[in-house]
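> missing the sequence, but the structure's below:
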């Protein structure tokens, strides 16, 4: 049964997002601390990045298994794919590259603040998507 795996992956990713948002919220007052966090999170603290990417892969693979088995309603799978897929694609395409760039602090201060605010916006969107995904699977599991 993939439901518990989906729930565990979503819960893990929500925890990561929550931690990131704690640092994002300080960016306007302490950009150096936020940049240092993202430098550690994206560059020097392996295997953190691999664990996060692994959770994303396992979540998407579990959704694929669930679709292949055909035990879940199509609406649940479609909604799940959007609620998890959009945040994962956003993270890969925009958030992580911006966090790496912010962590290197090679840009001027206004650009660092722009990057940090964009990362915060992305994390909020991802948190909403993953929380909705988690709620959907928790509700589906109760039925």
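Arrived safely, thanks for sending. If you're wondering where the values come from, they're calculated on a predicted model, not measured in any experiment.

> Which strand or helix spans the closest residue to residue 90 other than its chain neighbours?
Among residues not flanking residue 90 along the chain, residue 122 sits closest, at 5.7 Å (C-beta to C-beta, 6 or more residues apart in numbering). Bear in mind the C-beta positions are built from the backbone N, C-alpha and C, glycine included. Element membership of residue 122 [criterion: DSSP states H and E] is helix 109-142.

> Low-confidence regions, the chain specifically.
Counting by pLDDT under 70, the chain has low-confidence residues at 1, 142-143.

> so where do the helices sit in the protein?
For the chain, applying DSSP state H gives helices covering 3-24, 31-39, 48-69, 74-90, 96-104, 109-142.

> Present those helices as JSON lines; the columns should include mean neighbour count.
Shown next, in JSON lines, are the helices of the chain (neighbours: other C-beta atoms under 10 Å):
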{"stretch": "helix 3-24", "mean neighbour count": "18"}
{"stretch": "helix 31-39", "mean neighbour count": "19"}
{"stretch": "helix 48-69", "mean neighbour count": "16"}
{"stretch": "helix 74-90", "mean neighbour count": "16"}
{"stretch": "helix 96-104", "mean neighbour count": "19"}
{"stretch": "helix 109-142", "mean neighbour count": "17"}
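
> From residue 30, how far out is the closest residue in space to residue 3 that isn't next to it in sequence?
Spatially, and ignoring its direct neighbours in sequence, residue 3 is nearest to residue 141 (5.2 Å; C-beta to C-beta, 6+ apart). As judged by C-beta to C-beta, to the nearest Å, residue 141 and residue 30 stand 41 Å apart.

> Other residues contacting stretch 89-96?
42, 56, 118, 119, 122, 123, 125, 126 (C-beta atoms under 8 Å, 6 or more residues apart in numbering).

> ok, now stretch 113-130?
Applying C-beta under 8 Å, 6+ apart, the set of residues contacting stretch 113-130 is 10, 13-14, 17-18, 20-21, 24-25, 27-28, 31, 34-35, 38, 83-84, 86-87, 90-91, 94-95, 98-99, 101-102, 107.
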